[in-house]
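>>> below are the sequence and a predicted model; questions follow.
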Amino acid sequence: MNLVRLMEEAGQYRPFVLIPNGSQALLPSPHLRCPVLSMVVRDPALPVHPVRARIAFFLTLPLVLWKLRLLLARHRILTINCIFPGTDSLTYVLLRRFRLFSGKVIFTLQGNDIKVALDTAGFSRFLARQAFRLADRIVACSFGLREDLLRLEPQCANKSVVIHNSIDFEAFLALAPPDYQLPDNLRNVPFLLNVGRYEHKKGQDILICAFEQIALDFPSLHLVMIGATGTGIEQIRRKVCGSSFTERIVMLENIPHEAIPVFLRAALLFVLPSRREGLPFALLEAAACRKAVVAAACVGVPELIQDGVTGRLVPVDNSDALALAISDLLRNDHLREQFAETLHELVGREFTWQAAFRKYINL
């Protein structure tokens, strides 16, 4: 959405968003005012009924390619940028391969996409490798993700680049409605904050274990977790209900993104215990609000958080180390402020959407 916004402001190109499942699920909004296109683009490697999926993909491919060609020609599309590419993105590179599209096809990796490809085997892995191999350029949002890409397909070395996820401080801070208030049970209460979808890779279970280790040392401290409903939410709910400190652990679901700055400003510390990321927007948003960070050193995170300089890094899946780092920072106000300010300066200087936009246009 930020790239779309900057493209509109530049006025040189007209952006579109294509929904490949044939539904108008993504509607224009104040954040995304560009036209939304829609058509069915099949995935040849669906895990449910895989043989049927492959047959349907190849039988319908000629018609899908032709319809896609007409759609792109009608709107004078010059470049296709596939966000979260997978085996379904094979359609776009085949369009280019069969010379039905003369523009460029770019893949942008955000994290889970390349992990899914690495975890596949057999024919599905072959299709994923072919899709990446045939793309004109591949963008990874972190150097760690680019390394994952090259483990899957070494031939992509010369066509892959890193363009970090970025943030517009002013735009993000302006999201917060002036009349939005924290829930009553969080007003005037010190709390740790985590923001991330409720799923295994986000590591909320590790964070709860770490909080339980320090809860007696900080008797007024609360833990606040904000996340979209995900596959791991029931597991997290059970863990919260079974905790000795359940009354001090607050789970919030599907809070509007516009409200996140309000929670960040009020938090003592931002904690990211993820097992896997690309380059998390949550850290960029914490930086915007000048909030100190403790994070697990999963893919992408060390490119933002340097231990002892811009925050604290701990090993992945280590609740003991996470608890110790949180406790140390809670006891040291000066260090928290120093980390927060250093991270704010780094992100404001090197992780701007204007810089990312120029790099995309240069592709």
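Nice, thanks for sending it over. Numbering: from 1, shown residues only.

>>> show me the helices in the stretch 151-300 of the chain, by range?
Here the stretch 151-300 of the chain has its helices, by DSSP state H, counting those that start in this stretch, at 169-173, 204-214, 233-241, 260-266, 281-288.

>>> would CSV of those with mean neighbour count be doable?
For every residue, glycine as well, the C-beta is placed using N, CA and C. Output for these, formatted as CSV (neighbours: other C-beta atoms under 10 Å):
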stretch, mean neighbour count
helix 169-173, 15
helix 204-214, 22
helix 233-241, 15
helix 260-266, 20
helix 281-288, 24
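
>>> format those as a markdown table; extra columns: mean pLDDT.
Formatted as a markdown table, the helices of the stretch 151-300 of the chain follow (pLDDT from 0 to 100):
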| stretch | mean pLDDT |
| --- | --- |
| helix 169-173 | 92 |
| helix 204-214 | 98 |
| helix 233-241 | 95 |
| helix 260-266 | 96 |
| helix 281-288 | 97 |
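
>>> among these, which comes closest to residue 18?
helix 281-288 (22.1 Å; C-beta to C-beta).

>>> coming back round to it: so which of the helices of the stretch 151-300 of the chain comes closest to residue 34?
That would be helix 169-173 among those, by C-beta to C-beta, at 16.5 Å.

>>> show me the shaky parts of the stretch 1-150 of the chain.
Scanning the stretch 1-150 of the chain for pLDDT under 70 picks out the ranges 22-32.

>>> which parts of it are helices?
2-10, 50-74, 90-97, 112-119, 122-134, 143-152.

>>> list the buried residues for the longest one?
In other words, helix 50-74. Residues 53-54, 57, 61, 64-65, 68, 72 are the ones in helix 50-74 that count as buried (16 or more other C-beta atoms under 10 Å).

>>> just the fifth one next, same as before
Residues 124-125, 127-132, 134 are the ones in helix 122-134 that count as buried (16+ other C-beta under 10 Å).

>>> want to throw those residues into JSON lines with distance to residue 241?
Converted to JSON lines, the buried residues of helix 122-134 look like this (distance: C-beta to C-beta, whole Å):
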{"residue": "124", "distance to residue 241": "38"}
{"residue": "125", "distance to residue 241": "40"}
{"residue": "127", "distance to residue 241": "42"}
{"residue": "128", "distance to residue 241": "39"}
{"residue": "129", "distance to residue 241": "44"}
{"residue": "130", "distance to residue 241": "46"}
{"residue": "131", "distance to residue 241": "43"}
{"residue": "132", "distance to residue 241": "43"}
{"residue": "134", "distance to residue 241": "49"}
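
>>> cool, thanks, signing off.
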